[in-house]
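Asker: okay, predicted coordinates and the sequence, questions at the end:
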Amino acid sequence: MDKATLTRVLDDIHRAAMLAEDRGKVADYIPELARIDPGKFAMSICLPDGSQYSVGDAQVEFSIQSVSKLFTLAIALGRYGDRFWDRVGREPSTFVFNSVQELEARQGIPPNPFVNAGAIVTTDSLLVGAQPKETLAEILQFVRLAASDESIFMDPSVAQSEKRTGHRNWSLAYFLRACSNLHHDCELTLGTYFHQCAIAMTCEQLARCGRFLAGFHPTGGLISPAHVRSINALMMTCGHYDGSGEFAYRVGIPSKSGVGGGILAVLPGKASIAVWSPGLDAHGNSLLGTVALEHLSNALGLSVFSLGSDR
Ligand code: DON
């Protein structure tokens with residue numbers, strides 16, 4: 001990747017983002033997130049040679065929310081291997097990310113580990129033989145190792161906020177329990193899940209976190225190459241929920257979004273990219289974050305579906 005071109009494209013993206021009028025809508029079903037300034041924007045890219053390029057508010061912390069589902073899935077696959085898939089599917093979803101209807105239609109087997117129901121089951125699987133505090137410590141340790149940064153933390157006020165207002169997740173958890181696909185009390189599993197979603201990170205930290213999925217983490221060995229491949233495939237097909245097809249069409253990079261407005265995108269062997277803009281589109285994915293990744297992908301020919309000469 002040509003560094004001069006990369007720097008110029010990042011500056012163009014930043015400038016366009018600052019001027020954008022339609023910035024989407026900040027998530028308000030978690031009151032702590034409703035307070036975030038929709039004017040924020042950041043992008044950061046890590047390359048295999050250890051260099052990192054950033055623009056905008058790349059050192060401002062935000063709530064990673066559903067991006068955390070990547071890390072719990074990575075831990076669960078390491079612990080259970082293919083047995084994990086007895087409880088969760090690997091298909092894209094048709095309805096919104098917190099749909100009860102979709103879970104009911106599938107008799108309590110969530111379509112994939114990235115919709116809320118699938119992520120709640122994933123967290124439930126990590127609680128086997130452990131107290132919530134231990135599971136949360138395990139998740140935090142994984143994330144800190146991935147980012148090479150011991151300062152990453154969970155924001156208790158965001159977790160508490162969601163605990164009070166995340167009624168959809170309570171419905172999903174009780175329904176999973178009714179289908180025998182939740183092995184702990186709803187309170188216990190959701191308490192853990194809300195804290196995992198409340199991990200705060202800067203865009204720079206998040207980009208560094210993605211290096212293990214792009215295949216160039218400095219120490220390596222966080223998860224097996226086979227699991228990297230599995231997770232990247234799921235990011236491409238399910239990482240943006242019912243907007244995943246459109247995202248693959250426009251951007252073409254395996255990615256995972258969160259309602260905090262963050263997106264982590266990974267190109268195996270080439271780059272780990274984080275973007276943050278708090279305003280969301282109708283599917284709950286960062287509106288300007290998607291626009292920014294589309295711009296980057298087009299300008300540098302990064303779509304995995306591209307022949308590199310599609311401009
Ligand atoms: O469970 C929830 O609703 C949130 N903690 C996370 C959802 C989320 O980030 C969806 N992503 N776009």
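Answerer: It's in.

Asker: the most centrally placed residue in the chain - nearest residue in space that isn't next to it in sequence?
Answerer: In the chain, the centroid-proximal residue (CA atoms, centre = their mean) is Val67; its distance is 1.9 Å. Distance criterion CB to CB, 6 or more residues apart in numbering; nearest residue to Val67, sequence neighbours excluded, is Gly258 at 4.3 Å. (Each C-beta comes from the backbone N, C-alpha and C, glycine too.)

Asker: close to the ligand, is stretch 90-104?
Answerer: Yes - Stretch 90-104 is in contact with the ligand by CB under 6 Å from any ligand atom, via 97-98.

Asker: then the helix or strand hosting Lys69 to CSV, C-alphas only?
Answerer: Using DSSP states H and E, Lys69 falls within helix 68-80. Presented in CSV, the C-alpha positions along helix 68-80 are these (Å, rounded to 0.1, in the frame of the first residue of the first chain):
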residue,chain,number,x,y,z
SER,A,68,-17.0,-6.8,21.3
LYS,A,69,-18.9,-9.8,19.8
LEU,A,70,-15.8,-10.5,17.7
PHE,A,71,-13.7,-11.0,20.8
THR,A,72,-16.2,-13.2,22.7
LEU,A,73,-16.6,-15.3,19.5
ALA,A,74,-12.8,-15.7,19.2
ILE,A,75,-12.6,-16.9,22.9
ALA,A,76,-15.6,-19.2,22.5
LEU,A,77,-14.3,-20.8,19.3
GLY,A,78,-11.0,-21.4,21.1
ARG,A,79,-12.7,-23.0,24.0
TYR,A,80,-15.3,-25.1,22.2
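
Asker: can you tell me what sits against that helix?
Answerer: By CB atoms under 8 Å, 6 or more residues apart in numbering, the residues outside helix 68-80 that reach it are 84, 113-114, 118-119, 122-123, 125-126, 138-139, 142-143, 146, 196-197, 199, 209, 212-213, 222-224, 227, 230-231, 234-235, 256, 258, 264.

Asker: mind listing what's buried in the helix or strand just after that helix?
Answerer: Sequence order places helix 100-105 as the next helix or strand after helix 68-80, per DSSP H and E. Within helix 100-105, the residues that count as buried by 16 or more other CB atoms under 10 Å are 100, 102-103.

Asker: list just the nearest of those to Met43.
Answerer: Closest approach to Met43 among these (CB to CB): Glu102, at 31.8 Å.

Asker: how far away is that closest one from His283?
Answerer: Plainly put, Glu102 is 14 Å away from His283 if you go by CB to CB, to the nearest Å.
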